[in-house]
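A.B. asks: no FASTA, just this:
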């Protein structure tokens, strides 16, 4: 679904399909950021619970 979204957006902006390598790179970055966000959230939730009760 994400790769399709990237391809559709790319076509809307540049009037040509996105390259396979580029869409894979964008998808990999998206997945990595999602994982890093989960890690940061897991590490900060304890602090927030202590502060906010």
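C.D. replies: Thanks, I have it. Bear in mind that the values here come from a model prediction, so they are computed numbers and not experimental data.
A.B. asks: tell me which strands and helices the helix or strand containing residue 11 is in contact with?
C.D. replies: Using DSSP states H and E, residue 11 maps to helix 2-14. Judged by 3 or more CB pairs under 8 Å, 6 or more residues apart in numbering; DSSP states H and E, helix 2-14 is in contact with helix 20-52. All C-beta spots, glycine's among them, are computed from the backbone N, C-alpha and C.
A.B. asks: Tell me the buried residues in the helix it packs on?
C.D. replies: Going by neighbour count (16 or more other CB atoms under 10 Å), the buried part of helix 20-52 is 23, 26.
A.B. asks: In contact with the most centrally placed residue in the chain: list those residues for me.
C.D. replies: Centroid-nearest residue in the chain: residue 30, 2.6 Å away (criterion: CA atoms, centre = their mean). Residue 30 makes contact with residue 2, according to CB atoms under 8 Å, 6 or more residues apart in numbering.
A.B. asks: Quick check: it vs residue 17, distance?
C.D. replies: 18 Å (CB to CB, to the nearest Å).
A.B. asks: so residue 11 makes contact with residue 4?
C.D. replies: No: counting by CB atoms under 8 Å, residue 11 does not reach residue 4; the two are 10.7 Å apart.
A.B. asks: between these two, who's got more neighbours?
C.D. replies: residue 11 (12 against 9; other CB atoms under 10 Å).
A.B. asks: give the contact list for that one.
C.D. replies: Applying CB under 8 Å, 6+ apart, we find residue 11 in contact with 17-18.
A.B. asks: Read off the pLDDT value for it.
C.D. replies: pLDDT for residue 11: 96.
A.B. asks: For residue 1, report the pLDDT, please.
C.D. replies: According to the prediction, residue 1 has pLDDT 85.
A.B. asks: quick revisit: ok, now how distant is the residue nearest to the centre of the chain from residue 50?
C.D. replies: For residue 30 relative to residue 50 (CB to CB), the value is 32 Å.
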